[in-house]
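Asker: Here you go, sequence then predicted model.
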Amino acid sequence: MACYIFGAGSFYGLDRCPRADDFIIAADGGWLACRKTGITPDLLLGDFDSLSTQPDFPNILRVPVEKDDTDTMLAVKTGLERGETEFHIYGGMGGRRTDHTIANFQALLYLARRGAQGWLYGQGERYTAVCGGTVTFPARDRGILSVFCLGADARDVSIQGGQYPLHHAVLTAEFPLGVSNHFVGRPITVSVRDGSLLIGVVED
């Protein structure tokens with residue numbers, strides 16, 4: 001099972017389709033992406049500032065406009081409360097709201113620190129976060145993999161299988177040493193002992 005979250009940002013289509021047992025949340029304007037793809041969400045939540053009217057839908061959680069959480073973050077918390085450990089977030093990047101893209105990068109870290117893995121999808125790209133652990137990406141002939149420190153210094157960072165290997169390095173939030181690595185037909189494994197990483201895979 002997985003939790004799919006549709007936000008109000010730019011929607012570039014589905015990389016993978018939800019299964020019958022997956023839990024689907026439309027966060028405010030993410031309702032439009034669900035309608036576009038013919039998906040009926042299990043829950044529609046938000047303050048509805050991205051929609052002109054509240055849809056006629058039986059499972060709605062309406063929240064105040066003035067709150068600490070974004071609608072997408074509320075959806076993330078709702079999924080965690082259900083015990084979900086795998087998240088796929090669409091409509092969380094693009095458009096004019098770069099601030100929401102950054103907020104959703106932070107949501108990936110929020111998930112990683114709670115034992116879950118999240119994926120944030122853009123146009124030909126996807127991101128995840130790892131906190132004191134390892135993640136392996138399947139082999140491919142082309143594509144770019146970038147690794148960024150997310151927060152305090154990330155220590156003992158290694159990248160194996162890419163064009164540019166890295167061994168037991170320290171990555172900091174002030175210098176993008178891990179940007180623009182390349183797939184060369186091998187799986188790429190990224191590991192970090194202490195700290196957190198944001199990892200992006202971009203089509204090439």
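Answerer: Nice, I can see it. Residues are numbered from 1 along each chain as shown.
Asker: What is the neighbour count of Asp141?
Answerer: Residues lying near Asp141 (other CB atoms under 10 Å) number 9. Glycine gets a C-beta too; all of them are placed from N, C-alpha and C.
Asker: for Leu74, that is, sorry about that
Answerer: Residue neighbour count, defined by other CB under 10 Å, stands at 21 for Leu74.
Asker: looking at the sheet around the residue lying closest to it once chain neighbours are set aside, what are its partners?
Answerer: Of all residues not flanking Leu74 in the chain, Leu45 sits nearest, at 5.9 Å (CB to CB, 6 or more residues apart in numbering). Leu45 has these beta-bridge partners by DSSP bridges: Ala27, Leu61.
Asker: For Gly162, see how far away Thr72 is.
Answerer: Distance check for Thr72 against Gly162: by CB to CB, to the nearest Å, it reads 30 Å.
Asker: just Thr78 next, same as before
Answerer: In this structure, Thr78 lies at 36 Å from Gly162, with CB to CB as the measure.
Asker: Which one of these two is surrounded by more residues?
Answerer: With other CB under 10 Å as the criterion, Thr78 and Gly162 differ in neighbour count, and Gly162 comes out ahead with 22 against 18.
Asker: Which residues are in contact with that one?
Answerer: Under the criterion of CB atoms under 8 Å, 6 or more residues apart in numbering, the contact partners of Gly162 comprise Leu145, Asn181, His182, Phe183, Val184, Arg186, Ile188.
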